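Asks: Prediction below, plus the sequence it came from.
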Amino acid sequence: MIPQDRHVPQRLFLVRHGQTRWNLEHRLQGQLDSPLTDDGIRQAKSVAERLDGHGITTVCSSPLGRALRTAVIIADRIGAELVEVPELAEVHHGDMAGLTWDDVDRRFPSARADRAANRYGWAFPGGESYAQARARARRALSACGWASGGVPVLVTHEMLGRMLRADLRRLDPAAALSLRHPHDVVFEIDRGVERML
């Protein structure tokens, strides 16, 4: 059992950045970036509308451009302070960042099989694993607790978001890896109980 950090918020909202050009191209983004599409901007505005009126005073964001652009749209709409939290950045895809899976198959022929054998512990070449990212997610939750005077919104990424949700809900690795987070969905997590807003 992981000890509970008293600075981790008991209640928070979790948002994934809006759709990007590389999402449409099925490229691995990791800690590289591509701009939000027009749909991605609409998604961020829709999320901001749903969060308005919830008394949120702090938006904690990944420093990566796609998340930060989404967070600015949200913070501006709800009148919240924006705080960049480096630990909210996406899982580091290392040498595979910017590639499609077809590119990966050509350059790293055994990668898919290696990853399938141990998806949680497997690290992207030159990057990190889910297991490593989960420790970083824990630090991000604590940082957001320190930065916020109330219930924060965390704007992050799908893979790192899985680890945040897993930690808050105390899920095992298999359950964590099964989680999905579409671009326009807001999760409210309150004392380990999750619901869509």
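Replies: Nice, I can see it.
Asks: mind listing the strands for the chain?
Replies: Remark: strands assigned in the chain by DSSP state E are 11-16, 58-61, 81-84, 152-156, 186-190, 193-196.
Asks: Give the other helices and strands that the second one contacts.
Replies: If contacts are counted by 3 or more Cβ pairs under 8 Å, 6 or more residues apart in numbering; DSSP states H and E, strand 58-61 sits against helix 65-78, strand 81-84, helix 130-147, strand 152-156. Glycine gets a C-beta too; all of them are placed from N, C-alpha and C.
Asks: Which strands border the shortest one, and is each parallel or antiparallel?
Replies: In the sheet containing strand 81-84, its partner strands are strand 58-61 (parallel), by DSSP bridges.
Asks: Give me the contacts around the strand it pairs with.
Replies: Residues from elsewhere that reach strand 58-61, judged by Cβ atoms under 8 Å, 6 or more residues apart in numbering: 67-68, 70-71, 74-75, 78, 80-85, 88, 140, 143-144, 147-150, 152-156.
Asks: ditto for stretch 131-141
Replies: 2, 5, 8-9, 60, 85, 87-88, 91-92, 120-121, 123, 128, 154, 156, 159-160, 163-164, 166-168, 173, 176.
Asks: Just the buried residues of the residues you listed.
Replies: Buried by 16 or more other Cβ atoms under 10 Å: 8-9, 60, 85, 87-88, 91-92, 120, 123, 128, 154, 156, 159-160, 163-164, 166-168, 173, 176, out of those.
Asks: Where does the prediction get shaky in the chain?
Replies: When residues are selected by pLDDT under 70, those of the chain lie in 1-6.
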